[in-house]
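**Q** Predicted coordinates and the sequence they were generated for:
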Amino acid sequence: MNIIKLILFSAVLILVGCAARSGEQQGENSERSTSAPKKLVIAHRGASGYLPEHTLAAKAMAYAQGADYIEQDLVMTRDDELVVLHDHYLDTVTDVAKVYPGRSRVDGRYYAIDFTLDEIRQLSVVERFGLIDGVAVPVFPDRFPLGKSSFRVNTFAEEIELIQGLNVSTGKSVGIYPEIKSPAFHRGEGKDISAATLKVLQQYGYDSKDDLVFLQCFDAGELRRIHDNLMPALGVSLRLVQLLDTSAEYREMLSEEGMQTLATYVDGVGPSILLLVAPDSTASEVKATKFVEYAHAAGLQVHPYTFRRERNQMPPFAKDYDDFLRIFVDLVDVDGVFTDFPDLTVRYFESHQ
Ligand code: CA
């Protein structure tokens, strides 16, 4: 075969491949639009039940297990890069104290913001639930062993490229679910983490509510600033999610009126599961709070956290992981779940929807 024929043959193969793939995607989309809204599987820090959280390995595994969205917690480095880490300390999940002794602050913690990206790239990431004070955590007996294999901290851009790359190579459409961490802390350090996050999102094509991204934050004031100022200034409009926990600062948001107010600047809420069921619920009588009813009346999606298979991570009235999902998805009627175990959650949804 001469070289021209070979090139033509390759071009035909590529074109046929593209046609088949877009056909598949259309089929998938039309199927979704005719059925009930799909409940979302959101991979909490990746498939973090199986691999150290927020590593690219954990994200690839979540992708392969069929997650709809994959979560990124974001903090900034000294040289203004966004890295994917659950909190702005490096000492919980890396060997920073060994690699950079003496670089902690007076509180003894090692802050990501005191290190450059190049410095952070030298660190090894380890399993969060592997050891506490040198002792294996008995409540997480089956998590990835501490200190085994080799994992690194990655940037937000690298993780987006991984997920978008997999979307190309598999033909699937998996979304991202970034969380802006500690905006007030970052501001105190002279950095605008929200502006930096929006810039990266825009650079990678996330600029409208139709794009596969939810941007989440615990800080209500910051979400308002993103909604009222930052997004209009950039000409983008993304879906925002207010995170809530059981602390007093969120109490006002839990009322019917509070949810209506939330709906003026966010599209969804990410509550702790503890806000959705009454603590005196039992296996025979699960009592939902008014949370989901009020949220849905305000047009807000509800994506609670965190769904884990470990017995002591479930409410006592759930019999097992499937029952845990049944209670929150079928009875409480949430719209998606943050889970450390995407595979178990996908399996449940496939057999119950
Ligand atoms: Ca998070």
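**A** On my side now, so go ahead. Numbering: from 1, shown residues only.

**Q** Whichever residue of the stretch 151-300 of the chain sits closest to the ion: what's it in contact with?
**A** Using Cβ to the ion, residue 179 is the residue of the stretch 151-300 of the chain that sits closest to the ion, at 4.1 Å. No exception for glycine: its C-beta is placed from N, CA and C like everyone else's. Residue 179 makes contact with 71-74, 215-217, 243, according to Cβ atoms under 8 Å, 6 or more residues apart in numbering.

**Q** how about it, secondary structure?
**A** strand (DSSP: H, G, I helix; E, B strand; the rest coil).

**Q** Tell me how far it lies from residue 303.
**A** Counting by Cβ to Cβ, to the nearest Å, the gap from residue 179 to residue 303 is 12 Å.

**Q** same thing with residue 180?
**A** Taken as Cβ to Cβ, the span from residue 180 to residue 303 is 16 Å.

**Q** And residue 237, by the same measure?
**A** Counting by Cβ to Cβ, the gap from residue 237 to residue 303 is 19 Å.

**Q** neighbour-wise, which of the two wins?
**A** With other Cβ atoms under 10 Å as the criterion, residue 237 and residue 303 differ in neighbour count, and residue 303 comes out ahead with 23 against 14.

**Q** Specify the local secondary structure of the most centrally placed residue in the chain.
**A** Centroid-nearest residue in the chain: residue 71, 1.8 Å away (criterion: Cα atoms, centre = their mean). Here residue 71 is recorded as strand under three-state DSSP.

**Q** tell me the contacts of it?
**A** 42-46, 176-179, 338.

**Q** Next step: those restricted to strands.
**A** 42-43, 176-179, 338 (DSSP state E).

**Q** and these, which are buried?
**A** With neighbours counted by 16 or more other Cβ atoms under 10 Å, the ones in strands among the contacts of residue 71 contain buried members at 42-43, 176-179, 338.

**Q** got the residues you listed as a markdown table, with pLDDT columns?
**A** What follows is these, written out as a markdown table (pLDDT from 0 to 100):
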| residue | pLDDT |
| --- | --- |
| 42 | 98 |
| 43 | 98 |
| 176 | 98 |
| 177 | 98 |
| 178 | 99 |
| 179 | 98 |
| 338 | 98 |
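
**Q** can you give me phi and psi for residue 98?
**A** Main-chain dihedrals, residue 98, degrees, to the nearest 10: phi -80, psi -40.

**Q** how many other residues sit next to it?
**A** Other residues close to residue 98 by other Cβ under 10 Å number 9.

**Q** ok, now how distant is it from residue 91?
**A** Applying Cβ to Cβ, the value for residue 98 to residue 91 is 10 Å.

**Q** which stretches of the stretch 1-150 of the chain have low pLDDT?
**A** Within the stretch 1-150 of the chain, the stretches with pLDDT under 70 are 1-35, 130-139.

**Q** For residue 170, list the residues it contacts.
**A** Contacts of residue 170 (Cβ under 8 Å, 6+ apart): residue 63.

**Q** confidence score at it?
**A** Here the pLDDT value assigned to residue 170 is 98.

**Q** Need the nearest residue in space to residue 278, chain neighbours excluded.
**A** residue 287 (3.9 Å; Cβ to Cβ, 6 or more residues apart in numbering).

**Q** should've said residue 77
**A** Residue 77 sits nearest to residue 117 (Cβ to Cβ, 6+ apart), 4.8 Å away.

**Q** Equivalent analysis for residue 57, please.
**A** residue 51 (5.0 Å).

**Q** Tell me where the chain has strands.
**A** 40-43, 69-76, 82-84, 131-132, 135-136, 175-180, 214-217, 239-244, 268-271, 301-302, 336-339.

**Q** Number of residues surrounding residue 157?
**A** For residue 157, using other Cβ under 10 Å, the count is 15.

**Q** Can you name the residues of this protein that neighbour the ion?
**A** 73, 179 (Cβ under 5 Å from the ion).

**Q** What is the nearest of the contacts of residue 179 to residue 350?
**A** Taking Cβ to Cβ as the measure, residue 350 lies nearest residue 71 of the contacts of residue 179, at 21.1 Å.
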